[in-house]
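>>> predicted model and sequence below, questions to follow.
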Amino acid sequence: MTETSRKLTTIFSADVQDYTRLMRNDEEGTLATLKRYRDAMARLIEAHGGRVINTWGDGVFAEFPSVVEALRAAIDVQNELAGYNASSDSDTQMLFRIGLNLGDVIAEGNDIYGDGVNIAARLQACAVAGGIVISNTVYDQVRNKVAVGFDFLGQLEVKNIVGGVPSYAVRIGAPQTDSPPTNPRTVREHVPSAPKTIVETATRGERSYGVLAVIAVGLVVLNILAWHGEFWAAWPVLGLAMVAGLRWARTNTQFDRRLATFAVVGAGIVGINLLSWHGTPWAIWPLLGLAVLAGIRWVRRQRGDV
């Protein structure tokens, strides 16, 4: 009987975009290209300390003891395959989608099972052709260690995972455009629960800020039209500014989110102190506390503890 155990590992899941169409157009040529690309992927995976677990259909499934090396392997794979595709016609290019997840899995022999594996496969299914999507558990480990950018995609719905999984697209170059799926089964499986695209997410964020700005202007105008010697609109406008600032701190990908949140809260405290000014700069005390917390956060990040 094969012994089973649990372990924490980084799961690498990849498959080919529009594999059915490629096989329909040129079965032998597609299989030859798939073998060539898989050999390249296996070489790069092993070079980064990973292990290929399985290859089924058009997929490649691997695991890595290092999260950073898993992402580096995925980036090297996409870059090398992009070079292969550059010499091919657009109709015959073979583009892989890659998903990475760090999770606790069940190991049985050479195979691994569990939600961690399912999440990696779901991330891969939601990546653009030639792209990489990672879970928040991977992002937390690599965001300050690999010289690439990340775009927050929102909560990815995964079966048996309450609340979904926050996911990020890795910026490794100009994004490829997904071809519209022609298989109705593909549409049912991937479209309804896929995370919003980067453009859709950014557009929704811009609209929410626009709504807050319109409300703030409306309050100021209302205050002026009903003027009785008091500028009361400053308080709700400050509240709206705080909401916008905290939203930005939560969704930004350029700065540490916790440090950004401290900065927004500190600005809000200063605003409250100024609007309720009675000659005492009491805001310096909570600002000192926030500065201490920010300093601790910064030191821990430099040490790699967070």
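It's in.
>>> all helices for the stretch 1-150 of the chain, in order.
Taking DSSP state H, counting those that start in this stretch, the helices of the stretch 1-150 of the chain run over residues 19-25, 27-47, 67-86, 115-126, 136-142.
>>> kindly compare burial across those helices and name the winner.
helix 115-126 (a mean of 23; mean count of other CB atoms under 10 Å). Placement of C-beta: from N, CA and C, glycine included.
>>> for the record, mean pLDDT for that helix?
Averaging pLDDT along helix 115-126 gives 91.
>>> picking that back up, nearest to Ala263, of the helices of the stretch 1-150 of the chain?
helix 136-142 (20.3 Å; CB to CB).
>>> next, format the helices of the stretch 1-150 of the chain as a markdown table and append distance to Val237.
Shown next, in a markdown table, are the helices of the stretch 1-150 of the chain (distance: least, CB to CB, whole Å):
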| stretch | distance to Val237 |
| --- | --- |
| helix 19-25 | 54 |
| helix 27-47 | 53 |
| helix 67-86 | 42 |
| helix 115-126 | 39 |
| helix 136-142 | 33 |
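>>> so which of these comes closest to Val158?
It is, among the helices of the stretch 1-150 of the chain and with distance given as CB to CB, helix 115-126, at 5.2 Å.
>>> what sits up against that closest one?
9, 11-15, 97-105, 133-135, 153, 156, 158-161, 165, 167, 189-190, 194-195 (CB atoms under 8 Å, 6 or more residues apart in numbering).
>>> same deal with stretch 208-225?
In contact with stretch 208-225 (CB under 8 Å, 6+ apart) are residues Phe231, Trp232, Ala233, Pro236, Val237, Leu240, Ala241, Val243, Ala244, Arg247.
>>> mind redoing it with 6 Å?
Ala233, Pro236, Val237, Leu240, Ala244 (CB atoms under 6 Å, 6 or more residues apart in numbering).
>>> could you pull out the buried residues of the stretch of helix or strand the fourth one belongs to?
Following DSSP states H and E, the helix or strand that holds Leu240 is helix 234-251. Buried positions in helix 234-251, judged by neighbour count with 16 or more other CB atoms under 10 Å: Pro236, Val237, Leu238, Gly239, Leu240, Ala241, Met242, Val243, Ala244, Gly245, Trp248, Ala249.
>>> what do you get for stretch 43-61?
Residues Leu44, Ile45, His48, Gly50, Val52, Ile53, Thr55, Asp58, Gly59, Val60, Phe61 are the ones in stretch 43-61 that count as buried (16+ other CB under 10 Å).
>>> for the residues you listed, give me a markdown table that also has pLDDT.
A markdown table is the format used below for the buried residues of stretch 43-61 (pLDDT from 0 to 100):
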| residue | pLDDT |
| --- | --- |
| Leu44 | 96 |
| Ile45 | 96 |
| His48 | 95 |
| Gly50 | 95 |
| Val52 | 94 |
| Ile53 | 92 |
| Thr55 | 82 |
| Asp58 | 87 |
| Gly59 | 89 |
| Val60 | 93 |
| Phe61 | 93 |
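>>> could you look up the SS state of Ser299?
Slight slip there: residue 299 is Val, not Ser. Secondary structure, DSSP: H, G, I helix; E, B strand; the rest coil: Val299 is helix.
>>> in contact with it, which residues?
Contacts of Val299 by CB under 6 Å, 6+ apart: none found.
>>> that one and Ala107, how far apart?
36 Å (CB to CB, to the nearest Å).
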